[in-house]
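In: Would you be able to build a 3D model of this:
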Amino acid sequence: MDQAERLLRPLAGQVALVTGGSSGIGAGVVQALAAAGAAVAVNYASHREAAEEAARRIEAAGGRAIAVGADVAEEAAVDAMVAQVTERFGRLDILVANSGLQRDAAFRDMSLADWRKVIDVNLTGQFLCCRAALRRFLAQEERPDLSRARGKIICMSSVHEVIPWAGHANYAASKGGIMLMMKSLAQEVAPQRIRVNAIAPGAIRTPINREAWETKEAERRLLELIPYGRVGEPEDIAAAAVWLASDASDYVTGTTLFVDGGMTLYPGFADNG
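Out: Numbers count the residues shown, from 1 in each chain. Next up is the predicted model:
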């Protein structure tokens, strides 16, 4: 591959797995990784048709893709998913651990079931996926012609790994846990040339938070939290994922990249110094 093609398709020849890839941020990441040249496994838990359609669109455009069903909170399902991806494409180079959900309630009213469900999917699910990917990276042949790193893991976090969120304690706890899990894993595997980073989205225009932006009044209130003055799009996160998966970020590991329009700048203090 010449230099011009490398710039246009920085992930050419590599294989990526995106959990929760059938909708929202995950769907945007899937399309961007495919456009950058990667073969993509689109994981889904309950939206099989959307995942299969995403894979069909990629293949129709000349790429390679499959849809793979798995509940990321289940150990056997995660291991089987990675085995299926490896069987189809021969290897795994990139994991985007994106699956996540919310079960919101005031702390005094939050059920143990809702606490456990969010932790199981958002945090334990990322642990299981990262572990399975790591084992695959270490077992397979190194391909320095494809990537300077032996493997790349991108954990999907949130601005709420640092911003408290009343009424969402389970979600915020899961994202805070992702941050230190990611850093601890990055520290552990850097000597093997495996890079581990996270992306922390702010307010992104996806179905999960439709109520926050679908009316002009709701969007106006939301924009009060975003110094940059616009709601983010899945493509904003997808571009960050491509960069973190590519050799352009080869010296970056153990870092959370905040893609939030300045939400973590605490805009309420802008005129209160």
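
In: Could you please name the strands the strand or helix carrying A200 pairs with and the direction of each pair?
Out: A200 belongs to strand 194-201 when assigned by DSSP states H and E. Strand 194-201 pairs in its sheet with strand 151-156 (parallel), strand 256-259 (parallel), by DSSP bridges.

In: Show me what counts as buried in the shortest one.
Out: Yep, that's strand 256-259 we're talking about. Within strand 256-259, the residues that count as buried by 16 or more other C-beta atoms under 10 Å are T256, L257, F258, V259. Every residue, glycine included, has its C-beta placed from N, CA and C.

In: so which of these comes closest to P234?
Out: Nearest to P234 among the buried residues of strand 256-259, counting by C-beta to C-beta, is V259 at 10.6 Å.

In: Pull the contacting residues for that closest one.
Out: I199, A200, P201, G202, G232, D236, I237, A240 (C-beta atoms under 8 Å, 6 or more residues apart in numbering).

In: could you redo the residues you listed as JSON lines and give each row distance to K117, neighbour count and pLDDT?
Out: Below are the contacts of V259 laid out as JSON lines (distance: C-beta to C-beta, whole Å; neighbours: other C-beta atoms under 10 Å; pLDDT from 0 to 100):
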{"residue": "I199", "distance to K117": "23", "neighbour count": "26", "pLDDT": "98"}
{"residue": "A200", "distance to K117": "22", "neighbour count": "25", "pLDDT": "98"}
{"residue": "P201", "distance to K117": "21", "neighbour count": "24", "pLDDT": "98"}
{"residue": "G202", "distance to K117": "24", "neighbour count": "23", "pLDDT": "96"}
{"residue": "G232", "distance to K117": "26", "neighbour count": "21", "pLDDT": "96"}
{"residue": "D236", "distance to K117": "28", "neighbour count": "20", "pLDDT": "98"}
{"residue": "I237", "distance to K117": "24", "neighbour count": "26", "pLDDT": "98"}
{"residue": "A240", "distance to K117": "27", "neighbour count": "21", "pLDDT": "98"}
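
In: Which of these sits closest to A270?
Out: G202 (15.9 Å).

In: If you drop the residues flanking it in sequence, what lies closest to that closest one?
Out: Nearest residue to G202 in three dimensions, chain neighbours excluded: D260, at 2.8 Å (C-beta to C-beta, 6 or more residues apart in numbering).

In: cool, and G177?
Out: Spatially, and ignoring its direct neighbours in sequence, G177 is nearest to L123 (4.6 Å; C-beta to C-beta, 6+ apart).

In: Quick check: the one you found touching M181?
Out: Yes. In this structure, L123 is within contact of M181 by C-beta atoms under 8 Å, at 7.2 Å.

In: Select the longest helix from the chain.
Out: helix 169-189 (DSSP state H).

In: Buried residues, that one. List them.
Out: Residues 169-179, 181-183, 185-186, 189 are the ones in helix 169-189 that count as buried (16+ other C-beta under 10 Å).

In: again with stretch 113-127
Out: Neighbour-count burial for stretch 113-127 [16+ other C-beta under 10 Å]: W115, K117, V118, I119, D120, V121, N122, L123, T124, G125, Q126, F127.

In: Looking at the residues you listed, which is nearest A80?
Out: Of all the buried residues of stretch 113-127, G125 has the smallest distance to A80: 14.4 Å, by C-beta to C-beta.

In: tell me which residues of the strand or helix carrying the closest one are tucked away?
Out: With secondary structure defined by DSSP H and E, G125 is part of helix 125-139. Across helix 125-139, burial judged by 16+ other C-beta under 10 Å covers G125, Q126, F127, L128, C129, C130, A132, A133, L134, R136, F137.
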